[in-house]
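1. Build me a model from this:
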Amino acid sequence: MPSMWLSDSQKIGVAFCSGGGFFLLGGVMMFFDRAMLAMGNILFLLGLTILIGPQKTLAFFARRQKLKGTAAFFLGLVMILLRWALIGFVVELYGIFILFGDFLGTIAGFARNVPVVGPYIGMLVDKLGMGGQTLPV
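-> Have a look, this model is predicted:
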């Protein structure tokens, strides 16, 4: 199966990001288990760094318009590590929405094309008012 444009190290980065997502989901399902949330965050950050490179990761988190999101994300991570899992997760979720909010319109457009549930996702996106957002390319 062709892997399109991903190198071997980028495939490892995708695996780490996916593992981080599964650990975060598991941490939420296990009533905000601190260890699983912390492992998910660490795997996600490590995978993102391997996927796009250290310089681009640092540039992404250090952009002036994203500093509030970066501060909220890392403050949430620290709060999770200091045993404030629920509050830390909420703060971290706010930071994620600030950091990755530009991609929500693109994700919604992609989700509309999913074969079986795409039309239902499209109706939900239209009700929420996210349908017109796309990245300025």
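2. all contacts plus neighbour counts: C-alpha atoms, from now on.
-> Will do.
3. For the chain, which segments are assigned as helices?
-> 8-29, 34-52, 54-61, 67-81, 85-100, 104-112, 118-128 (DSSP state H).
4. now the fourth one against helix 34-52, angle please.
-> Counting by axes from the mean of the first three to the mean of the last three Cα atoms, to 10 degrees, helix 67-81 points 140 degrees away from the direction of helix 34-52.
5. between helix 67-81 and helix 85-100, how many degrees?
-> 160 degrees.
6. residues touching residue 9, list them.
-> 50-51 (Cα atoms under 8 Å, 6 or more residues apart in numbering).
7. sorry, back to before: and the helices of the chain as TSV, adding mean pLDDT?
-> Below are those laid out as TSV (pLDDT from 0 to 100):
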stretch	mean pLDDT
helix 8-29	94
helix 34-52	95
helix 54-61	94
helix 67-81	96
helix 85-100	94
helix 104-112	81
helix 118-128	84
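8. how close does residue 75 get to residue 122?
-> 34 Å (Cα to Cα, to the nearest Å).
9. buried ones in stretch 16-30?
-> By neighbour count on 16 or more other Cα atoms under 10 Å, the buried set for stretch 16-30 is 16-24, 26-28.
10. No further questions, thank you.
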